[in-house]
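J.: what's the 3D shape of this:
(one chain, ligands or ions: 1)
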Amino acid sequence: MYRNFVLALLAASLLSACATSGKTNADAILDHKVDSVLKLMTLDEKIGQMVLYSSDWDVTGPSLKKGYLDDIRKGNCGNIFNAHTAAYTRKLQKIAVEESRLGIPLLFGYDVIHGHKTIFPISLGESASWDLAAIEKSARVSATEAAASGINWTFAPMCDISVEPRWGRVSEGAGEDPYLGSKIAAARVHGFQGDNLADPSTILACVKHFAAYGAPLAGRDYNTVDMSERVFLDTYLPPYKAAIDAGAMSVMSSFNELFGVPASGSKYLLTDILRTKLGFKGFVVTDYTSINEMVNHGIVANEADAGLLAVKAGVDMDMQGEVYFKYLKKQVKEGLVAGKLIDDDVRRILRVKFMLGLFKDPYLYCDEAREKREVYAPAHLDAELDVAKKSMVLLKNDSLKALPLKAGEKIAVIGELAASTRDLLGSWKAAGDWNFMKSTLDELKAFNGEANVTYAEGCKTSGEDRSGFAAAIALARRADKIVLVIGESCDWSGEATSRTSINIPGVQTELLEQLKALKKPIVVVLMNGRPLDLSKESLLANSILEVWFPGTMGGKAITQVLYGQYNPAGKLTMTFPRNLGQVPIYYYEKNTGRPIYLANPKYKSRYIDSPNDPLYPFGFGLSYTTFAYSDIKLSTNELAEKGVLRATVNVTNTGTVDGEEVVQCYVRDLVGSVTRPVKELKGFEKVAIKAGESKNVTFTITPDMLAFHRLDMTYGTEPGDYKLFIGGNSRDVKETGFVLR
Ligand code: NOJ
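T.: Numbers count the residues shown, from 1 in each chain. All right, here's what the predicted structure looks like:
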């Protein structure tokens with residue numbers, strides 16, 4: 001099977017490998033294996049390992065390279081992305097292993113962002129579950145399916161914090177909060193990579209987009225990022241760090257500039273922060289042609305210099321740009337790049353290939369029988385249904401209690417999205433297939449009977465066409481309740497989908513206005529990949545259920561939540577503003593010198609045409625039941641330097657149905673050497689509480705959780721007074737205080 005001699009050589013050389021000082025046996029053996037391969041390689045072959053090309057199976061960027069098969073054969077391309085299925089990746093792997101001189105196996109990367117074939121809710125939606133186990137499971141299932149289809153590397157998790165709803169890529173992240181974002185990043189890495197990368201059901205994770213890609217000015221994708229170093233370190237860096245601490249072995253450098261330097265040329269980011277500060281041991285791949293784009297950024301005059309900047313900054317692998325391929329050899333020969341630098345880059349890439357088990361069996365991930373078994377396995381679809389329901393957020397359910405729907409009620413289902421299957425998958429659908437899926441409408445009919453569920457499109461998600469209004473209104477007139485499924489189509493979020501408005505597009509809201517005149521209960525089911533301005537809809541609808549893009553089983557998940565078979569418990573992980581003018585808006589803002597609560601009516605930090613507070617705050621989400629919080633009990637009012645503080649509340653389910661509540665704990669550092677946020681999330685727990693019952697929830701606070709970058713940029717705590725808050729969202733909280741000694 002393995003024609004080439006790399007393996008035999010390894011076996012022979014292992015015996016002497018274990019003596020390296022300061023390293024574990026396993027590390028020493030791995031290093032030795034890597035070096036054994038490295039020393040066989042020509043400079044061309046080394047550069048070949050530092051190259052990643054897209055196959056023509058999927059297009060995820062502006063350019064496609066022709067002739068990648070030949071590059072593989074010649075040892076000029078060691079890594080491929082956008083190729084999948086066990087059969088096709090086997091074909092490519094066979095070329096690498098059997099036809100290239102050294103037979104070094106390929107890595108196969110793909111954007112398995114929220115599923116491979118079984119598609120889970122978009123990541124922003126999944127984050128709203130606040131359920132780390134379910135999120136990890138979703139990544140686990142995604143890895144299992146991808147690994148069975150030839151993939152051994154996913155370009156996920158995206159760990160970009162964002163407070164920018166205009167930016168379409170918020171759909172791919174975990175929202176605005178560094179604490180929650182860090183927990184989710186770690187859960188996703190663990191889900192993808194498991195405990196052992198060599199396990200054929202796990203795949204390599206890629207932490208992206210390093211760094212601060214989520215803060216483009218004006219929300220325009222790829223735009224300049226400009227923030228203080230303190231904000232970067234305290235707010236944007238933690239989720240990347242958490243992913244690396246969780247063991248992620250690859251990182252993607254982002255398109256954007258930070259501190260005036262594009263990330264792919266930033267030694268500060270890729271070496272000083274990533275390797276020195278965070279101790280990252282894996283390899284760095286660029287985002288798609290981002291080395292080349294440094295010419296456009298204006299940091300270098302030509303592509304050759306761009307490559308030089310990138311390789312010296314710490315980029316190990318060039319995605320799609322062909323810059324390393326074209327210029328690196330000459331630059332090494334001319335002494336512009338040290339051979340040792342190239343060796344180190346290649347070592348890091350080979351190391352990961354060893355860790356994935358590819359040198360043992362290059363076809364480990366190309367097993368067609370396994371692919372048949374794993375793809376769309378019933379347990380995977382069950383896991384997706386579970387997390388899809390958990391991701392949904394009930395934003396409104398007024399006293400009419402239009403939700404939950406009751407079996408037998410006549411419902412008029414309206415909206416293009418209700419009948420769509422493709423849209424349920426959202427952006428980055430990987431290899432997901434919507435042709436066999438059921439739409440929300442199909443599932444509602446299956447649940448409540450064809451006779452009780454009627455449908456009219458009403459209008460499209462975008463455009464000005466109102467010709468379907470009359471039929472939709474006539475249909476609604478004959479129904480008991482209206483279920484209006486509106487929002488954004490799936491391709492309105494994801495990469496390159498920035499918007500200058502965050503309104504519901506087209507004439508959908510106008511249709512809602514006209515339906516309102518019928519005076520029937522209206523339930524809005526909202527599909528979207530970003531926070532939207534719902535100021536009008538929140539007045540017109542009796543109930544609003546935010547379902548994001550819920551994935552392969554999305555129609556069923558929506559139906560079960562609408563009919564109360566599942567009591568919604570999701571909570572927003574991004575603030576929903578009242579209007580675009582409030583953006584950026586996030587709960588961890590600073591107080592300012594003139595906060596809005598001052599008595600003076602004019603000279604304070606406020607708008608003259610809008611309240612300051614958002615429509616729906618971070619952490620917000622309703623349930624079909626209600627919860628009451630007791631006052632907070634502290635184990636101590638004084639937190640010693642090495643001490644522990646426990647904060648407990650009693651939460652009661654005061655309604656008539658069982659439910660789950662995400663109990664959230666925030667703190668505020670009242671006086672700092674630099675100003676501090678008005679609230680910072682420091683803990684959360686999702687608890688199931690039966691109707692009429694109560695549960696105690698306790699949070700443990702230790703001083704290290706209160707650390708930040710102080711005035712002199714050292715990281716640590718400062719003694720003083722703190723507030724501590726606990727509640728069901730970032731706004732409605734109980735409050736107490738403690739002192740940090
Ligand atoms: C560009 C995107 O920014 C990145 O997230 C993705 O992984 C690559 N293209 C590869 O498709």
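
J.: what residues does the stretch 51-200 of the chain put near the ligand?
T.: With C-beta under 6 Å from any ligand atom as the criterion, the stretch 51-200 of the chain meets the ligand at residues 60, 61, 111, 155. The way it works is simple: take the backbone N, C-alpha and C, and place the C-beta from them, glycine included.

J.: residue ranges for the helices of the stretch 251-400 of the chain, please.
T.: Across the stretch 251-400 of the chain, reading from the start of the chain, the helices by DSSP state H, counting those that start in this stretch fall at 267, 293-297, 303-313, 323, 329-333, 339-355, 368-374, 378-391.

J.: quick one: pLDDT of whatever residue of the stretch 351-500 of the chain ends up closest to the ligand?
T.: Of the stretch 351-500 of the chain, the residue with the smallest distance to the ligand, taken as C-beta to the nearest ligand atom, is residue 495 at 5.4 Å. Here the pLDDT value assigned to residue 495 is 98.

J.: got it, and residue 63?
T.: Residue 63 carries a pLDDT value of 84.

J.: and what of the one 3 residues further on?
T.: If you check residue 66, the pLDDT there is 85.

J.: Quick one: classify it as helix, strand or coil.
T.: Under DSSP: H, G, I helix; E, B strand; the rest coil, the three-state class of residue 66 is coil.

J.: can you give me the strands in the stretch 201-350 of the chain?
T.: 206-210, 250-253, 257-258, 261-262, 283-286, 318-319 (DSSP state E, counting those that start in this stretch).

J.: oh sorry, the question was meant for the stretch 351-500 of the chain
T.: Using DSSP E, counting those that start in this stretch, the strands assigned to the stretch 351-500 of the chain run over residues 393-397, 411-414, 453-456, 481-487.

J.: okay, those in JSON lines with mean neighbour count and distance to the ligand next?
T.: Shown next, in JSON lines, are the strands of the stretch 351-500 of the chain (neighbours: other C-beta atoms under 10 Å; distance: least, C-beta to the nearest ligand atom, whole Å):
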{"stretch": "strand 393-397", "mean neighbour count": "22", "distance to the ligand": "25"}
{"stretch": "strand 411-414", "mean neighbour count": "28", "distance to the ligand": "35"}
{"stretch": "strand 453-456", "mean neighbour count": "20", "distance to the ligand": "36"}
{"stretch": "strand 481-487", "mean neighbour count": "27", "distance to the ligand": "23"}
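
J.: re the thing from before, the nearest residue in space to the residue of the stretch 351-500 of the chain closest to the ligand that is not next to it in sequence: what's it in contact with?
T.: Among residues not flanking residue 495 along the chain, residue 169 sits closest, at 6.1 Å (C-beta to C-beta, 6 or more residues apart in numbering). Contacts here follow C-beta atoms under 8 Å, 6 or more residues apart in numbering; on that basis residue 169 touches 158, 160, 162, 213, 214, 221, 493, 494, 495, 497.

J.: One more pass at 10 Å, please.
T.: Taking C-beta atoms under 10 Å, 6 or more residues apart in numbering as the definition of contact, the neighbours of residue 169 are 123-124, 158, 160, 162, 209, 213-214, 216, 219, 221, 427-428, 493-498, 529-530.

J.: count of neighbours near the residue of the stretch 201-350 of the chain found nearest the ligand?
T.: Scanning the stretch 201-350 of the chain for proximity to the ligand using C-beta to the nearest ligand atom identifies residue 288 as nearest, at 4.1 Å. Each residue near residue 288 was counted by other C-beta atoms under 10 Å, and the total is 21.

J.: Phi, psi for it please.
T.: Here is the backbone geometry of residue 288 (degrees, to the nearest 10): phi -50, psi 110.

J.: Report the contact partners of the nearest residue to it once chain neighbours are set aside.
T.: On the basis of C-beta to C-beta, 6+ apart, the spatially nearest residue to residue 288 that is not a chain neighbour turns out to be residue 61, at 3.7 Å. Contact criterion C-beta under 10 Å, 6+ apart gives 54, 81, 82, 287, 288, 289, 290, 319, 320, 495, 496 as the residues in contact with residue 61.

J.: Quick check: the residue nearest the centre of the chain vs residue 186, distance?
T.: The residue at the geometric middle of the chain, judged as the C-alpha nearest the mean C-alpha position with C-alpha atoms, centre = their mean, is residue 173 (2.9 Å). For residue 173, the distance to residue 186 (C-beta to C-beta, to the nearest Å) stands at 14 Å.

J.: One more: residue 242?
T.: Relative to residue 186, residue 242 is positioned 5 Å away (C-beta to C-beta).

J.: Kindly report the same for residue 369.
T.: Applying C-beta to C-beta, one obtains 33 Å for the distance of residue 369 from residue 186.

J.: between these two, which one's more packed in?
T.: Under the criterion of other C-beta under 10 Å, the comparison of residue 369 against residue 186 puts residue 186 first, with 24 against 9.

J.: any idea which helix or strand comes after the worst-scoring helix or strand of the chain on mean pLDDT?
T.: The element with the least model confidence among the helices and strands of the chain, by mean pLDDT, DSSP states H and E, is helix 6-13, at a mean of 50. Using DSSP states H and E, the helix or strand that follows helix 6-13 in sequence is helix 25-38.

J.: From the chain's centroid, how far away is the very next helix or strand once past that next one?
T.: Scanning forward in sequence from helix 25-38, with DSSP H and E defining helices and strands, the next element found is helix 43-49. Centre-to-centre, helix 43-49 and its host chain are 33 Å apart (C-alpha atoms, centre = their mean, to the nearest Å).

J.: what do you get for stretch 448-459?
T.: Counting by C-alpha atoms, centre = their mean, stretch 448-459 is centred 34 Å from the centre of its parent chain.

J.: just to revisit the earlier point, output the strands of the stretch 351-500 of the chain in TSV, with mean pLDDT and distance to residue 674 appended to each entry.
T.: Output for the strands of the stretch 351-500 of the chain, formatted as TSV (pLDDT from 0 to 100; distance: least, C-beta to C-beta, whole Å):
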stretch	mean pLDDT	distance to residue 674
strand 393-397	99	34
strand 411-414	98	51
strand 453-456	98	56
strand 481-487	98	40
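
J.: Make JSON lines out of those strands and add distance to residue 551.
T.: Putting the strands of the stretch 351-500 of the chain into JSON lines (distance: least, C-beta to C-beta, whole Å) gives the following:
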{"stretch": "strand 393-397", "distance to residue 551": "15"}
{"stretch": "strand 411-414", "distance to residue 551": "20"}
{"stretch": "strand 453-456", "distance to residue 551": "22"}
{"stretch": "strand 481-487", "distance to residue 551": "15"}
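
J.: correct me, but residue 142 touches residue 121?
T.: No: under the contact definition of C-beta atoms under 10 Å, residue 142 does not touch residue 121, with a separation of 11.8 Å.
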